[in-house]
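J.: Fold the following and give me the result.
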Amino acid sequence: MDEIKTPRDYSALLRPGDSPDAWGTSAGIDVFLRLHAELARLPDRTLVVLDYSRIVRSDISFQREAVVETVRRHRPRLLFVASNVGNEDVLANLAAALEARGEILLVRVQEGRLRIVGRRLATEHEDTLLAIQEHHQFTSTQLTLPPHGLEGSTASARLTALWKAGLIGRIRGASTSGGREYRYYPIR
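T.: Now for the predicted structure:
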């Protein structure tokens, strides 16, 4: 398979004004409006890195308005990952805001590893995500082969669910038979 070409990552700084504290619905809405305007101009499949480096403290309402609503509005056209989440309280509030809305997000943690926060993934989706993360790209056909051995429709449904959840990217292509086939790739 050809190498998948994706747009450059885009760093989106999360900070309400000059304060390291991110409190409240109104501050979250202000950040959402700024981000929405920035992200509307980005090409499809851009990985948006939500940068928490300037946030020391935040509450759930800020996270809900600034992050969760931004992700909901722009996914799956754009991919998202949170980065530089400085402490466990900020991460816990992000996870709670995501879970309350039934959403999920990848967070870069130590040494470039990714952590899933928000709603819980079904075990079969976790297994599929792990399989994808071991490769640069993946197709539903690969999930029909050993060791996975899934039916074609099941493989396609799992990959589509992970893509819609924003946990993997995808590019439309053609299969060897000439039909449509998506290539999926991990977010790193």
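
J.: Specify the residue ranges that define each domain of the chain.
T.: With domains defined by automatic domain parsing, the chain comprises 1-120, 121-188.

J.: Run through the residues that contact Leu159.
T.: Counting by Cβ atoms under 8 Å, 6 or more residues apart in numbering, Leu159 touches 128, 132, 138, 140, 143, 168, 170, 182, 184. Yep, even glycine has a C-beta here, placed from its N, CA and C like the rest.

J.: wait, I meant Val48
T.: Here Val48 is in contact with 9-10, 12, 39, 42, 74, 78-81 (criterion: Cβ under 8 Å, 6+ apart).

J.: Mind putting the residues you listed into CSV with secondary structure?
T.: Shown next, in CSV, are the contacts of Val48 (DSSP: H, G, I helix; E, B strand; the rest coil):
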residue, secondary structure
Asp9, coil
Tyr10, strand
Ala12, strand
Leu39, helix
Leu42, coil
His74, helix
Leu78, coil
Leu79, strand
Phe80, strand
Val81, strand
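
J.: Quick one: buried ones out of these?
T.: Among the contacts of Val48, those scoring as buried are 10, 12, 39, 42, 74, 78-81 (criterion: 16 or more other Cβ atoms under 10 Å).

J.: Of those, which is the nearest to Val68?
T.: Phe80 (10.4 Å; Cβ to Cβ).

J.: Tell me the spacing between that closest one and Glu99.
T.: 16 Å (Cβ to Cβ, to the nearest Å).

J.: Show me where the chain has its strands.
T.: 10-13, 21-22, 47-51, 57-58, 79-83, 104-108, 114-118, 168-174, 180-186 (DSSP state E).

J.: Mind putting the ones you listed into CSV with distance to Leu35 and mean pLDDT?
T.: Formatted as CSV, the strands of the chain follow (distance: least, Cβ to Cβ, whole Å; pLDDT from 0 to 100):
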stretch, distance to Leu35, mean pLDDT
strand 10-13, 6, 93
strand 21-22, 13, 91
strand 47-51, 8, 96
strand 57-58, 15, 94
strand 79-83, 10, 96
strand 104-108, 14, 96
strand 114-118, 18, 94
strand 168-174, 20, 86
strand 180-186, 24, 88
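
J.: Export those strands as a markdown table, with columns for distance to Leu94.
T.: A markdown table is the format used below for those (distance: least, Cβ to Cβ, whole Å):
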| stretch | distance to Leu94 |
| --- | --- |
| strand 10-13 | 14 |
| strand 21-22 | 10 |
| strand 47-51 | 9 |
| strand 57-58 | 8 |
| strand 79-83 | 7 |
| strand 104-108 | 7 |
| strand 114-118 | 6 |
| strand 168-174 | 20 |
| strand 180-186 | 21 |
